[in-house]
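Q: Sequence and predicted model, in that order:
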Amino acid sequence: MKSIRKIFGLIVLSGLCFYSCETTDMDLTEDPNYLTPEQANVDFYLNAIERSYVSLMQNFGNYGAQVTRIEYLGSRNYLNAYAPTSFDDEWDLAYRQILADVEAMTPIAQENEQFHHIAIAQLLSANVLITLVDFFGDIPYSEALMADEGNFNPNLDNGAAVYSAAAQLIDTAITNFNKEAALEPEYDPFYNGNYENWIKLANTLKMKIYLQTRLVDNSALSSFNQIVASGDFITSTDEDFQFNYGTNENQPDTRNGKYAGNYRPTGAGSYLSNWLMGTMLEDGDPRIRYYFYRQVNAVPGEEIEPNEQTLTCSMENAPQHYIDGGFTFCSLPNGYWGRDHGDDDGTPGDGFLRTTYGIYPAGGMFDDSRFAPVSQGAGAAGAGITPLMLASWVDFMRAEMAMVEGDVAAAQEFVVSGTAKSITKVRSFGALDEDADLSLAPSEEQVNSFLSGIETAFIEADTEEKWNLLAEEFWISCFGNGILNYNFYRRTGYPTTLQPNREPNPGGFIRSFRYPANLVNNNSSISQKQEVTTTVFWDTNPASPSFPESN
Amino acid sequence: MTRKLQGFWTLLFLFSFCSMFAQERTISGTITDDQGMPLPGVNVRIKGTSSGIQSDFDGNYSIQAQKGDVIVFSFVGLKTAEYTVADVNTIDVIMEADQAQLDEVVVTAFGISREKKSLGYAVSEVSSEDLESRAEGDVGRLLSGKASGVQITQQSGISGSGTNIIIRGLSSFSGSNQPLFIVDGVPFSSDTNAQGDFVQGNSGGSRFFDLDPNNIESVNVLKGLAASTLYGTQGRNGVILITTKNGSGAASRKKHEVTVTSSIFFNEVASIPDYTMSYGGGFDQAFGWFYSNWGPSFEKDGVAGWGSDSAIDENGYLPHPYSTASSGTGIPQAFPEFADTPYPWQPYNSVEEFFRTGVVSNTSINFSGSSNDGKVTYNLSGGHLEDEGFTPENKVVRNNLGIGGKAELANNFIIDGTLNFSQTDFKSPPVSAGDGNTVFGGGGSSVFSNVFFTPRNVDLMGLPYQNPLTGGSVYYRQANDIQHPLWTVYNASSQQLTNRVYGSAGITYNFTDNLNLTYRLGIDLYNEGNSSYQNRGGSTSNTRIRSGFYDTWNNANTIWDHNLTLNGMYDLSEKIGLNFNIGATTRRTIYDRQGVSSSNQQVFDVLRHFNFMLQDEIQYSEERNIAGLYGQVELDYNRFLYLTINGRNDWVSNLAKENRSIFYPGVSASFLPTSAFSGLSSDALGFLKLRAGFGTSANFPSGYPIANRLSLDTQRWLDDSGNLVVSNTTNSVLGNPDLEPETMTEIEFGVESNWFKNRFTLNASYFNRITKNLLVNRSLDASTGYTSVRTNIGEINVEGLEIEAGLDIFKNSDEGAFNWRINANFSTIEPTVKDLGQDTDIIVYAGFSNLGNAAIAGKPLGTIVGSRILRDDNGNFLTNSQGDYVVEAGQFEIGDPNPDYTLNVSSNISFKNFSLNVLFTHVSGGDIYSQTIATLLGRGLTTDTDNRINPFILPGINQDTGEPNTIQINNSQYYFSNILFGPDELQIYDGSVIRLQEVSLGYSLPKSFLEKTPFGSLSLKVSGYNLWYDAYNTPDGINFDPNVAALGVGNGQGFDFLSGPSSKRYGISITASF
């Protein structure tokens, strides 16, 4: 009996012990599916920050372009045009994927004396902060990124305070650029290690700050001119701050997003803006074949019969406010098949009919009137760019300052030189589409005559028209971005010639966007703005809807 | 069978008279019920004396007696048996149920058998008759309607799809609310490892599908925490205790027996809408190759007649869609034969013909028996199920094999064990959430999304689906921007092949008749081999999917469960009895996923990784240990007052040291006035029991919630030379070392009663459960640096009432007499969010952040939030210049998915050898956000929208004028712009439904007929499952079935994203025993 008990006990014990070491291990807290923060690599952080930065600017650029008619907006109501959830991605990119990474990277980089890593990160985060203020107004800053200290509800900081913090950050970045780094970044997709260009960009971003705050800062003009006098800013196209895309479709998809979404076997996915296409068509703008690619040569209601199946509005009459203002409605000639501002019709199967992005900046096809349908891999296969700060835009910034100073001659010079730089840059893209028949590309002569046309028009125009002309040319050169001109529009109210929303009463123009849903739903210190007409700190213009005039 | 066995024992008993010895000696034996279950605690005494003993755990007894003494065996609920001592020393006794008392022994936590009357909490039992020979092979779905307080929702009617089981409502919104499955005494994984989330596709079954319902002996549902305290954290959502035939040991004292069940069923789609036969595709009565069916009528004349449409010629023909498609689609080039083929303007029964009738066949075989002395028993079972879905290419095949046995050794040892193998092979076309436009999830594929809104003039079955040149999908849309459903069926699939081994081994040592020690090792090991693919050439916006992808991965899950228990049972005095159980247990769960994800298919339709240009890794693992110590003491006083006190302490491995341990106490009591006060028991009131219970439990987080992480991406980008650029970034989840377990407490009161000589039974339970320190995946404002953190906040209260009643309308115990019994169970459960902590007032925990289930303080848990119609200050709806409602985006409360009550009524009629069983279920209330309804209405597809002449004026205030809206809109604009694409609020419907859940007619061949055959019994059953339902508050023509869980198995409820119709099944099964 006793031996049986012993055997029994032995069986039980061995059974328990067989796995006891494993089953009673009560300390399994490390997640094997991730790295730990201690394993971080500074170069990997910087790579993440740079990629996230480009995505963020690309997204904000789209929003800015949509509300200002550079791109198409499909909503008849400005308040609801963007649901608060649509900004959740940007909010996450900006704070968690950029600013938090910068904060996590900096101490390690500091210790390794990787000053240039830090400088780039600081410069980019400064512009992120400015852009957040430009789009949302007041944002969390001084209490931000403190979740690990238990602050889940950071308060808002005044936009002006964030701006000045950003300006300081740029100065620190410049200091860091000038330091000797122990290790250089492994990968610099923007300037390939040319820190003179980085410093030029830093100064140009300071110019942007001064320009944007000129209505609330009396010294902005002189600060702006100080940098101009130094000459240490982006003036030439080869100093352009831009991101170059590749042609890889998958794992990772390195193509320009505008290309990936439109050069597909199911046709183009986006509509382009009738206002922008119409304006460039009317002006004979030499960039039109680079910007837009037409899949067909005629639009219903123009050269061909109206067709309810493919273009519903071709059967409809223009609303009264379009007729009164003489705006294009529904269709444009020559196959430029886009949509009016605010058109919210359903989507017919027109993916192979509508006009889509061309070679600049999307990396698609040059429009040589071939009228072939889009296809994946066509044109430059997506190897386009996202323009982030171009020499041509700097000229337009200076043109605005000149207008403010009353120096019309200088303004005229900058409008022309800015347009010329833009055209030169855009034309250089033609060769990227190997199949293109570039005989239809504008000649030097045509370009020159276009430029002189602008010059003449500017000289002949009255002040308001001068502003409108400046604005329109600036906007056309901004194609592919849209942040600067969204700010310009709120700062100046020009141009006054924009196509209005299809809806006669879409609500006041979006002077700042509502906060992301992620922010207001989860942060009890901040409540949602009930209006989109709230102005940001540097916008002292009259309230919407009387301003801006085109709404 | 039982009768024969009884005869055998009687015979044995008679033999014992042959030799008599008039001297005191030890009589021993085993007491079992008529099912062969051993009966512990039976009072055994010599007639005329007061001394007696009780049978032990295994029903064994021994008593001193003299020849001629009469031994009396008594047990509440059973007929008292008397045996006179003769020459043999062994008297085995079978005690029959006393119909007058109908009391019974039930299996409680850790397999401990208890008299039902002694329990201070509710236990629902489902017997094998309710599970065998059914058209549905999923044990979860078979429980539907059979126990009060148990809510069962199928993910869809796809054969082998997941099933959501919630007992007594949601008590947590971040942790799992799925109950614990205990099969033959050991934990059994009931996970649902969906392939992706509900957006990307939900294919994947729930692992309890691996059980063969025909092999189940009984199911006991422990609902409250008082019942499941001993299971600790695992038992917090209730426990489904399953005893399989292999594990029951029920074969004991039966002769060798073979049972074979063979069934064949037909499986059809149950929720086909009543599609219109009047109108075809287009908009505003004009033809177009659109998704919408608002085109011309199929009549030539009339306002909407096709005669006035310029696209249709005078003979009623259109150019073939494959001739007019854009050349960019490649369709006109690939199908030159359609260039001159006219396409008739007529309706097609596309959706109706897309589905098929699946055949479900099932064979189960069971061998059982015991050694002559009854000390060794065995059971062997096998099963084969082939369940063909009503959707083409959907099928699930299951093979089961199991063996179990038990042996009583001479040296006071009892050993027992079971080992089961199951193989489940599930295959389905991809299913994922969709709306009235397309499939969600970055352009995945879903077989249903694009089927249901096929315009009536589109010949789904007749239009070629494959481009003969490229193999890609082709369809009617002119830009080919929708995938042909048949292409999806034949070129995309999700498959899950699960091999599973589970079982347990136990060894018990009886120190004395009153004290034993048991060690049990449970193992449950499954390996899910998943594959998911789509050939290149799909019509989707996702480049990767378009390039063709092939993902294969294995989910290996292992549970090791050790349990050591000391059980004792003593009479402290004549009136006071004591049972106790003390134990220690550990449970280790290891989950490991490994696989490869390939894309960019080279040769069409070759599904091997070498045929794909790009590979990526799939890897994830998780391990967690839980150790527990537990104890339970049960006291009874004079068999009318019972008190149980129990407690358990658990330690978990994935929390910080100071938060790892938690103790849960429980106490419950049962009082039987009818036994305590002898005068109370009468013909009217035969039995009355009052009970009360208090239980606690806790919920431990899964995963690694306190870890801080860094995300690495080795393929973030390519540099100019084509080299990969690596990035690392702060993880979105903040680790929280202060995280604590979620705690739950529940009180429960109940009454159980039998009336009018057992003709009427009425049981009721009230419970109130409070969950505190909820484990919340709290979303953070990204400006904090993270987007979520696991934290503890808030309080949820679940209150509920369960009533079960049974009534014999006709009752006659004579064989073959007419009997009719009606059973009903009713439950109403109200989960309310009491508090969400100081700094948040809403948490959306399922669905999308702008359309999902939310916890809002003071509101029902699960409140559906989404956009609504914009209101003015007086609460009037606002309309815009188009006459449509203005949408207000945000998280507004738009629905409550919790039903008001659930009522299940079953009727059992037996007469002669026939029996007829009918089960109706009625769910009252509970809102559902239905994209199926919205899409079918918004696209003008069903008979509901056949009346298209009258315009609508939406009631509301025109926001431009401030005056009441006077703008007329037409039918299509009303349904399309408001019902389908308007505010989410308008897509909410009441989900009330009446359902004929099951109906069956059985016939057993008379015994006399079988006498000359080898059969012991032979029966036939014709049955149907979900044959009829009516969601009476939804539009008639939609035939919508609200029993769908579009968000998958989890805590989301009340959503339908076109993710699948339901099924109905009917057929016949034969059961024979030899």
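A: Sure, I can see it.
Q: can we go C-alpha only for contacts and neighbour counts from here?
A: Noted.
Q: List the contacts of the closest residue to chain B within the stretch 101-250 of chain A.
A: Nearest residue of the stretch 101-250 of chain A to chain B: A:Leu145, at 4.1 Å (Cα to the nearest Cα). With contact taken as Cα atoms under 8 Å, 6 or more residues apart in numbering or on different chains, A:Leu145 is in contact with A:Tyr95, A:Leu99, A:Ala100, B:Ser783, B:Thr784, B:Gly785, B:Tyr786.
Q: which one of those residues is nearest B:Ile167?
A: If you rank those by distance to B:Ile167 using Cα to Cα, B:Tyr786 comes first, at 34.2 Å.
Q: pretty sure B:Ile979 contacts B:Leu986?
A: Yes - B:Ile979 is in contact with B:Leu986 according to Cα atoms under 8 Å; the separation is 5.6 Å.
Q: higher neighbour count, those two?
A: Neighbours per residue, other Cα atoms under 10 Å in any protein chain shown: of B:Ile979 and B:Leu986, the larger number sits with B:Ile979, 24 against 18.
Q: residue contacts, that one?
A: Residues counted as contacts of B:Ile979 (Cα under 8 Å, 6+ apart) are B:Ala934, B:Leu937, B:Gly938, B:Leu986, B:Gln987.
Q: mind listing the strands for the stretch 451-600 of chain B?
A: B:492-512, B:515-534, B:549-571, B:576-601 (DSSP state E, counting those that start in this stretch).
Q: Turn the ones you listed into TSV, including mean pLDDT and distance to B:Arg25.
A: Below are those laid out as TSV (pLDDT from 0 to 100; distance: least, Cα to Cα, whole Å):
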stretch	mean pLDDT	distance to B:Arg25
strand B:492-512	91	20
strand B:515-534	91	24
strand B:549-571	91	23
strand B:576-601	92	27
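Q: Just confirm B:Asn898 is within a helix.
A: No - applying DSSP: H, G, I helix; E, B strand; the rest coil, one finds B:Asn898 to be coil, outside a helix.
Q: Out of the contacts of A:Leu145, the closest to B:Leu954 would be?
A: Among these, and counting by Cα to Cα, the member closest to B:Leu954 is B:Ser783, at 41.6 Å.
Q: Wait, a helix at that closest one?
A: Yes - membership of B:Ser783 in a helix is supported by three-state DSSP.
Q: Tell me which residues touch it, please.
A: Taking Cα under 8 Å, 6+ apart as the test, what B:Ser783 contacts is A:Trp91, A:Asp92, A:Tyr95, A:Arg96, A:Pro140, A:Ala144, A:Leu145, A:Pro154, A:Leu519.
Q: Go through those residues and name the one nearest A:Leu205.
A: Nearest member of the contacts of B:Ser783 to A:Leu205, counting by Cα to Cα, is A:Tyr95, at 19.8 Å.
Q: ok, the residue of the stretch 101-250 of chain A closest to chain B to A:Asp134 distance?
A: Distance, A:Leu145 to A:Asp134, by Cα to Cα, to the nearest Å: 20 Å.
Q: likewise B:Gln54?
A: Plainly put, B:Gln54 is 84 Å away from A:Asp134 if you go by Cα to Cα.
Q: okay, the strands of the stretch 451-600 of chain B in JSON lines with mean neighbour count next?
A: Putting the strands of the stretch 451-600 of chain B into JSON lines (neighbours: other Cα atoms under 10 Å in any protein chain shown) gives the following:
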{"stretch": "strand B:492-512", "mean neighbour count": "21"}
{"stretch": "strand B:515-534", "mean neighbour count": "22"}
{"stretch": "strand B:549-571", "mean neighbour count": "21"}
{"stretch": "strand B:576-601", "mean neighbour count": "20"}
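Q: Need these in TSV (columns: distance to chain A).
A: Converted to TSV, the strands of the stretch 451-600 of chain B look like this (distance: least, Cα to the nearest Cα, whole Å):
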stretch	distance to chain A
strand B:492-512	8
strand B:515-534	6
strand B:549-571	7
strand B:576-601	5
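Q: quick one: contacts for B:Arg477?
A: Per Cα under 8 Å, 6+ apart, neighbours of B:Arg477: A:Gly349, B:Trp289, B:Phe290, B:Pro321, B:Ala325.
Q: Could you dump those into CSV with secondary structure, distance to B:Gly538 and pLDDT added?
A: Compiled in CSV, the contacts of B:Arg477 are given as follows (DSSP: H, G, I helix; E, B strand; the rest coil; distance: Cα to Cα, whole Å; pLDDT from 0 to 100):
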residue, secondary structure, distance to B:Gly538, pLDDT
A:Gly349, coil, 17, 86
B:Trp289, coil, 19, 91
B:Phe290, coil, 19, 88
B:Pro321, helix, 18, 95
B:Ala325, coil, 16, 92
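Q: Identify, from those residues, the entry nearest to B:Asp184.
A: When these are compared for distance to B:Asp184 (Cα to Cα), B:Phe290 wins out at 56.1 Å.
Q: how many neighbours does the closest one have?
A: When neighbours are defined as other Cα under 10 Å, B:Phe290 has 24 of them.
Q: Give the closest residue to it in space, chain neighbours not counted.
A: The spatial neighbour of B:Phe290 that comes closest, neighbours along the chain excluded (Cα to Cα, 6 or more residues apart in numbering or on different chains), is B:Gly282 at 5.6 Å.
Q: And the pLDDT at the one you found?
A: Listed pLDDT for B:Gly282 reads 90.
Q: Break down the stretch 351-500 of chain B into its helices, ranges please.
A: Under the criterion DSSP state H, counting those that start in this stretch, the stretch 351-500 of chain B contains helices at B:440-443, B:449-452, B:485-491.
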